[in-house]
Every structure is written in C-alpha cells, then in structure tokens.
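# sequence plus the predicted model coming up.
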Amino acid sequence: MENPTEHAVEVYGQELRARIAWIIRLRWLAAAGVGVTVWLVPRAFGVQLEEGRLYLVTLGLAVYNAGLWSAKRWLPQVGRGFGQFVFANVQISVDLLFLTALLHLGGGVENPFVCYYVFHTVLASILLSRRATYVQVGLALLLFLAMVLGEAGGLLPHYHLAGYLETELYRDANYLTAVTVVIVTMLSFTAFMATTIMGRLREREAEIVTLSVSLGERARELQRAYDALRALERDKSEYMRRAAHDLRSPMSAVDLLLVVVAEGRAGEISEKSREMLARARRKIAQVLDLASDLLTLSRAREAAFEVNLRQVDLVEIMRKLEEDFRPRAESVPITLTIEADQSTVMVMGDAGALSELLENLVSNALKYTPAGGTVRVSLSQEQEEAVITVADSGIGIAADEVAHVFDEFYRGKNARESGKEGTGLGLSIVKAIVASHQGKINVTSEPGKGTNFRVVFPKFRAAVRSKVGT
Amino acid sequence: MTAPAKPTIMVVEDDLDMVEALRVLLEHAGYNVLAATEADTAFELAQREKPNLILLDIMMPSGTEGFHFVWRLRRDGSEAVRNIPIIVVSGVHQTFPFKLYPTESDSVYGPGEYLPVQGFLDKPIQPSTLLQEIERLLGKQETGSTG
C-alpha cells in the first residue's frame, strides 16, 4: 500500500461502491415517481395511458433494483475496480432500456420526458470513466433512434397520448428531426461538461490521496523516531537505576561494617581510629547521596511517562517543609520564612515527588546562603496556577551559568568554590519533577545578592475533579 | 533480669559482608544470629530454628525473592513461625516506584496492599535505629504471647 496510485484506485473503488449505493437509492425514487405519475396523469389530466403495461415495466424496474440492492452486498469488496466497473456500466445500460421502454409505452417521441436521458448521462459521468460515459450516451441515442424510427416505420406500435396531443407527431419528419437534434446535442454537451467537471474533481481527489498518503508516511516516521527516543530514555533510566543500585548496595554494606567497628561493637578502638572511620563514612555518605539522587532522578524522569497523579495540597507540603528545615536554618542561623496566601492550594500531583522538589530547592537555598541571610518560600494562587517561589540572599549564580543549572552534574563556579558538597543532580531532579507535573520553572540570580526560583503548576480544577472523583 | 534465653534473629541477606556486619552488631547487642543467603534455605531454616525475628533483604539474587519469602512464610509456615515479626532492610523502594509501606500521605491504600511485615529500614542501616526497632518488636511479641 505504499504506492499512492494504488491508494487512489482503492479510494476510487470505495467511492464507486458508495455511489452505486446512492444510485440504487435514486432508482427507488425513480420507480416510485413513475408509479405515481402513471396513476396521476390519467386521473388528474384525463390523458389516456397504457397503465397496465406501464405498471408492469415499473414493477420490473423495482424488482431489478431490489436485485441490485441485494447483489451489491455480495459484490466482491476486494474486486479492485473491474467487477464494479462492469456492475456500474450494466446498471446504466439497463436503466436506459427501462427509460426507453417507459417512453415507448408512454407515447414515444411525443412524450415530453424524452429529455430524461440527460439524467442517465450525468449519472454515467459521475459513476464511469469519460470513455464509458460516451459509450453510454451512444447507447442512449441508439435506443432513442430505434424507438423513434421503429414507431415511425411501423416496426413498433405507437401508443398515442389521447387527451395530451390533438395531432400525432410521431411520423412528422420536421418534429422528429428537431427532437433528435435537441436530444443528441443535449446529451453530448451534458456528457462533455459533466465528464470534464468530474475529471477535475478526480484529479483533485488523487492529489489529496497522494498528499494524505505522504502525510501519513511522515507521521509514521515521526512516531517511529519518538518511540525510539522514548525507548532510549527508558533504557537510560534503567541503566541509571542499576548503576545506582549496584553502587548503593556495597556502599551500604561498607558503611555498616565501618559503623560497627567505629561504635566499638567489634571491640575497643582508639580515638584516632574512630576519627579515621568517621572520615571514611563521610566519603561513603557522598557516594550514597549520589546513588540516591540518581535513583530519584530516574524515577522522576520515568514519572513523566507514567504519571499517577492525585490531588495534593501544596500548603500541607509547605507545612512539613517548615518542620523539616526550621532546625537546620536556625543552626546557621538563616531567617527562614515559609508562607502561603491561602489555606489550601490543590494541584494534581504526586505528593512524594512534590515534597522532594521543594526539599531540593529549600535545601539548596539554605546550603548556599551564608549565616545571617534569608530564605523565603512563598506559595500563592493565581487564577489558573499555583506559584511557588524560593528566594534566598545567598551566593548567587553567574549570569553565564544560569542557563546550565538544570543540567545533570552541573555545579556553578560559586557553588564549587563554596566548599559545600553536592552531587549536581538536585536541580535536574527538580526539573524532571516539574516537567512530570506539566509545570514550569525559571530562575533569576545575581552573584552575591541571591537566587530566586519560581515554579508554576496548573491548578487543580473542578472540571478535572469530575473525571477523577469516584 | 533472670537470664532468659537469648532471642534468636535470623538474617536473610545475600551479601556476606553485610551478614558479617549484622552478625557482629547483633551478637554484640546480645542476640543469637542465624543467617541464610537464599529464600529457600531461609524458609527451611526458619521452620527448623523458629527464630524470634527475621531481618530480610528484599533484593536477593533473583530480584524479588524476598517478597516470595515473606508470602511463603506467612502462608505455608508452620504455626510457630507464621507470625514471626519481619523487618525488611532494603533500598528497594528507592529503586522501584512501588510502595512497600504506607506513609502519612498514603491513606488511600489499604493495609492489604502492603507487604505483611512489621518494620522497614532503609539502607544504609544505622545500628541504633536497627536495635531500637528490634527491641520494639521483640518487646511487643513477648507481651503479646503472654498467656
């Protein structure tokens, strides 16, 4: 199915099926119309008609249409054109026969409905190719002429429409010539115009099909690239998790071995040994922090794909934050302010991840703010958003480094020179958590003056509640 | 104190260095220590020795063996061992995004959705925390089984 022309053929086939169904519906209408007319004309206008024969032909038309209606169901759907092409052609031809029969029984050339051949011409041009349309028009003219000449020459009986025409015209050479010229030109022009319009429509249709095929192809390519990227991201997370876990397990064991010795549980040790072991444990703690941050980061990244969100009250999280960080701030001392302008601010999120996010920001702020400084955390609610700012009066970040603070393992010059330990993953974790909550984060900073983080989350809305609520 | 029999603690852990550290720590604190490095041998050892408490590492060789050990002990264990308190010692909840134990913000989950264990300690272990947790559970068990 990669070839657009095959698509076009397939689309054309589908379209033909739909149009055949449409024509079958039209034919029901035609049969009903003929029936009503045959019943009405003698009664309303006093015109004599061959009612019995006309009803018989109409019935024939109805039976034929019922046959087609059931045939179109078992018509092979995959027949790719040819079967349907024949089916459509045969229908138009048979319709022409029915029209001619009805005209013949209804007065032949004297019947004003002779112009109805034009409908068949239009239908043929809609349904068939240009060439087939002209063949059908030829057949229509042939049938018309056979009827006209047959009746004029006495080979066929003529049914006079008494009460409609005073004189009989079916042998009037001038009248016959005039009607024939009208019919021939009318059908030819109609066929020409209709097939030209249809040709343009089909061209446009083919263009659209080609376009949509190539668009579909492009979309599939994009999807493949996206899938590959996503798989890569998952693999990366998986490796990160394994590496972190493999780092964490032995380090935990080492730490326990050291602490058992350091605490004298394996026998008395000297003060100097105790101090050396304490140093060793501090180094191990750094490795464990790194492993822990890697695990958190990989989990936060994964959460972007597998979000499991719930209603979370940010004010509640802020309250806990205050409990956790108050002692640390006072020990420096740093003035820590945590405030919210509402009693509750609900967002959709993962409570653990949101706590982690705020802990990272506040912990960072405290870490890089010297004694006597301030750290201010505030939560406010703006129309559709919850806004959290964490502002400190700390060492700040150089202008050319601000853009990199969310990069993995990146630590600014000021941070490195501060002598504080750090894995360089804290803000990567923050960014991943913000992303997994459809939030935004930005940072402004001035070296020596302080840093300001602003996190924005879409607020929990009532419209969402109806979906989530039980 | 009328010199009661020392409580026995079974350590289920695949890292032999970890086992050694725990053995020294626990023996120093006055407990008997048994150790198993696999879930199957751990189950048999528990059935035979009926320890007073089990310290279980959830990340044993095949990944989730620790979970199976817990369920097997709770379901197939004999009367005497089925209700031995278990403390899970692991960094596993940091590794996988599923929950092993409820936290304050987790009122949504029912107790049935957690592992039927009595305690949970994160690696790296702090000796004092571990010993407190053991005392808490052994104390509870003694008052509970008085009769």
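Arrived safely, thanks for sending.

# quick check: mean pLDDT of the strand or helix carrying A:Asn364?
In the assignment (DSSP states H and E), A:Asn364 maps to helix A:351-367. Taken as a whole, helix A:351-367 carries a mean pLDDT of 89.

# is that helix up against chain B anywhere?
Yes. Applying Cβ under 8 Å from any Cβ of the partner chain, one finds helix A:351-367 touching chain B at A:351-352. For every residue, glycine as well, the C-beta is placed using N, CA and C.

# each with direction, which strands does the helix or strand following that helix pair with?
Toward the C-terminus, helix A:351-367 is succeeded by strand A:374-382 as the next helix or strand (DSSP H and E). According to DSSP bridges, strand A:374-382 forms sheet pairs with strand A:335-340 (parallel), strand A:385-392 (antiparallel).

# okay if I get the ones you listed as a markdown table plus mean pLDDT, mean neighbour count and distance to B:Asp122?
Output for these, formatted as a markdown table (pLDDT from 0 to 100; neighbours: other Cβ atoms under 10 Å in any protein chain shown; distance: least, Cβ to Cβ, whole Å):
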| stretch | mean pLDDT | mean neighbour count | distance to B:Asp122 |
| --- | --- | --- | --- |
| strand A:335-340 | 91 | 17 | 26 |
| strand A:385-392 | 92 | 21 | 27 |
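
# out of those, which gets nearest to B:Ile134?
B:Ile134 sits nearest to strand A:335-340 of all those, at 36.5 Å, using Cβ to Cβ.

# tell me what angle that closest one forms with helix A:351-367.
150 degrees (axes from the mean of the first three to the mean of the last three Cα atoms, to 10 degrees).

# what about the very next helix or strand once past strand A:335-340, near chain B?
Where DSSP H and E defines the elements, the next helix or strand beyond strand A:335-340 is strand A:346-349. No. Contact of strand A:346-349 with chain B (Cβ under 8 Å from any Cβ) is absent, the minimum separation being 11.0 Å.

# who's in contact with strand A:346-349?
A:309-314, A:354, A:386, A:437, A:457-460, A:464, A:468 (Cβ atoms under 8 Å, 6 or more residues apart in numbering or on different chains).

# swap the cut-off to 7 Å and go again
A:309, A:311-314, A:386, A:437, A:457, A:459-460, A:464 (Cβ atoms under 7 Å, 6 or more residues apart in numbering or on different chains).

# buried ones only from these, please, as a ChimeraX command.
The buried subset of the contacts of strand A:346-349, as determined by 16 or more other Cβ atoms under 10 Å in any protein chain shown, is captured in ChimeraX by this line:
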select /A:309,312,313,314,386,437,457,459,460
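
# among the contacts of strand A:346-349, which are in strands?
With strands taken from DSSP state E, the overlap with the contacts of strand A:346-349 comprises A:311-313, A:386, A:457.

# what sits against the most centrally placed residue in chain A?
Residue closest to the mean C-alpha point of chain A, counted by Cα atoms, centre = their mean, is A:Ala219 at 10.6 Å. Not one residue lies near A:Ala219 by Cβ under 7 Å, 6+ apart.

# with A:Leu96 instead?
Per Cβ under 7 Å, 6+ apart, neighbours of A:Leu96: A:120, A:139-140, A:143.

# in which helix or strand does it reside?
Counting by DSSP H and E, A:Leu96 is part of helix A:82-105.

# quick check: buried residues in the helix or strand following that helix?
As assigned by DSSP H and E, the chain's next helix or strand after helix A:82-105 is helix A:117-127. Buried residues in helix A:117-127, counted by 16+ other Cβ under 10 Å: A:117-118, A:120-127.

# lowest average confidence, helix or strand, in chain A?
Within chain A, no helix or strand scores below helix A:462-468, which has a mean of 42 by mean pLDDT, DSSP states H and E.

# next: chain B.
helix B:92-95 (a mean of 50).

# look up how far A:Arg25 lies from the residue nearest to A:Met186 when sequence neighbours are not counted.
Leaving aside its chain neighbours, A:Met186 sits nearest to A:Val118 (5.9 Å; criterion: Cβ to Cβ, 6 or more residues apart in numbering or on different chains). Computed as Cβ to Cβ, to the nearest Å, the A:Val118 to A:Arg25 distance reads 20 Å.

# again with B:Lys6
In this view, B:Lys6 and A:Arg25 are 94 Å apart by Cβ to Cβ.

# tell me how many other residues crowd A:Tyr116.
Neighbour count for A:Tyr116, taken as other Cβ atoms under 10 Å in any protein chain shown: 14.

# so it sits right up against A:Phe98, yeah?
No. Assessed by Cβ atoms under 7 Å, A:Tyr116 is found out of contact with A:Phe98, at 10.7 Å.

# circling back: mean confidence for the helix holding A:Leu96?
pLDDT averaged over helix A:82-105 gives 88.

# buried sites along it?
Buried, per 16+ other Cβ under 10 Å, within helix A:82-105: A:84-85, A:87-89, A:91-93, A:95-105.

# ok, which stretches of chain B are helices?
B:16-28, B:39-49, B:65-76, B:92-95, B:127-144 (DSSP state H).

# about what we covered before: which among the ones in strands among the contacts of strand A:346-349 gets closest to chain B?
Closest approach to chain B among these (Cβ to the nearest Cβ): A:Val312, at 7.9 Å.

# which ones are touching B:Gln126?
Here B:Gln126 is in contact with no residue (Cβ under 7 Å, 6+ apart).

# separation between the closest residue to A:Lys72 other than its chain neighbours and A:Leu68?
Nearest residue to A:Lys72 in three dimensions, chain neighbours excluded: A:Ile20, at 6.0 Å (Cβ to Cβ, 6+ apart). For A:Ile20, the distance to A:Leu68 (Cβ to Cβ) stands at 8 Å.
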